[in-house]
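# the sequence isn't on hand, but the structure is:
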């Protein structure tokens, strides 16, 4: 009897081991790391980027089918400075993709990425203009994105460290959560929380019920609610309102409106802020403003120029790039007062008429 049970157990164990080995081999063949590596590299080349791995991608079975990536480097073609360096990454793939369905990434996990803003800006500047008639493909992320121990730098200068990001599913009609935390170069913690409901069509993304909260340590809290829409490139608009609170008990009402670009005007951001000692009613082109700020905060000495803005600004204190200004009042663009007209000179007095004797 014992021999029969022992033989049955050996047969069952052998069958189980055979099935397990067959499953591992099948998953490896289905994942085909070289197939997905080539696909990722092809997608990168189409965007003018080069993707390299320190070692070939390795398939994993547990807790779900995935590809482990090691030593990730992404840089613009023919560029020596990488845009992104990461120690490790993982692409989780649904079974329907492995069985011949559409190529979908269930989850993207990146460990210790390092993003260089200067290299990123240089790549963006070299991108060819997209024809207005070209369709826009909205990215699809079924499960989400997770980033830990990241950093954002500009050359050798650290801008943000300890970057962590968690994003949920980007599925039409379902709430989309996103949380981001980081530490500034001076050690100040930053936090961002976003909750919105996306409505995704073929070439547009609508975000309803937006609740955005940004905190800078205990000194600043920004809370905004509203909606936004993106139709590709600079065709975007948003309408957000809320409050800005500072640790010194200052409370401000804030309004942010984004107007899409058209044939004559660029993408425009309208910002209104009203509170004690600070008032703003500005219209800013975000792309030009980002370029101006990067020059101001860059490592190269550049002449100080006025920011690209149109409107009125009053600030009790302004600090940027090591510059501190108190009692700042700025009128720019259409809000600039017209020069005082020069008073007309009085006409010279006419000589008195002579009378005949």
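Now that the structure is in, tell me what you want to look at. None of these values were measured; they are calculated from a predicted model. Numbering: from 1, shown residues only.

# what does the helix or strand harbouring residue 237 rub up against?
Residue 237 belongs to strand 236-246 when assigned by DSSP states H and E. For strand 236-246, contacts defined as C-beta atoms under 8 Å, 6 or more residues apart in numbering pick out 210, 212, 219-230, 251-260, 267, 273, 275. Bear in mind the C-beta positions are built from the backbone N, C-alpha and C, glycine included.

# among these, which are in strands?
Taking DSSP state E, the ones among the contacts of strand 236-246 that sit in strands are 210, 212, 220-230, 251-259, 273, 275.

# show the pLDDT at the closest residue to residue 81 other than its chain neighbours.
Excluding the flanking residues, the one nearest residue 81 by C-beta to C-beta, 6 or more residues apart in numbering is residue 119, at 4.5 Å. The model reports residue 119 with a pLDDT of 88.

# so what strands line up beside the strand holding residue 237?
Looking at strand 236-246 with DSSP bridges, its partner strands are strand 220-230 (antiparallel), strand 251-259 (antiparallel).

# buried ones in it?
Across strand 236-246, burial judged by 16 or more other C-beta atoms under 10 Å covers 236, 238-240, 242, 244-245.

# equivalent analysis for stretch 178-194, please.
If you call a residue buried by 16+ other C-beta under 10 Å, then stretch 178-194 has these buried ones: 178, 180-183, 190, 194.

# can I get those in TSV with distance to residue 36, pLDDT and secondary structure?
Listed next are these as TSV, based on distance: C-beta to C-beta, whole Å; pLDDT from 0 to 100; DSSP: H, G, I helix; E, B strand; the rest coil:
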residue	distance to residue 36	pLDDT	secondary structure
178	26	92	strand
180	28	94	strand
181	30	95	strand
182	30	94	strand
183	34	93	strand
190	34	92	strand
194	30	94	strand
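
# wait, which of those is closest to residue 54?
Among the buried residues of stretch 178-194, residue 182 lies closest to residue 54 (C-beta to C-beta), at 25.9 Å.

# how much space separates that closest one from residue 115?
Going from residue 182 to residue 115 by C-beta to C-beta, to the nearest Å gives 12 Å.

# any shared contact partners between those two?
Common neighbours of residue 182 and residue 115, counting by C-beta under 8 Å, 6+ apart, are 150, 152.

# which of the contacts of strand 236-246 count as buried?
Those of the contacts of strand 236-246 that meet the buried threshold are 210, 212, 221-230, 252, 254-260, 267, 273, 275, by 16+ other C-beta under 10 Å.

# sorry, back to before: export the buried residues of stretch 178-194 to a markdown table and tack on distance to residue 93?
Below are those laid out as a markdown table (distance: C-beta to C-beta, whole Å):
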| residue | distance to residue 93 |
| --- | --- |
| 178 | 22 |
| 180 | 25 |
| 181 | 28 |
| 182 | 29 |
| 183 | 33 |
| 190 | 33 |
| 194 | 26 |
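
# now the strands for the stretch 51-200 of the chain?
Listed from the start of the chain, the stretch 51-200 of the chain has strands (DSSP state E, counting those that start in this stretch) covering 66-76, 84-92, 107-111, 114-116, 144-154, 157-167, 176-184, 189-200.

# figure out which of those strands is closest to residue 45.
With C-beta to C-beta as the yardstick, what comes closest out of the strands of the stretch 51-200 of the chain is strand 66-76 (11.1 Å).
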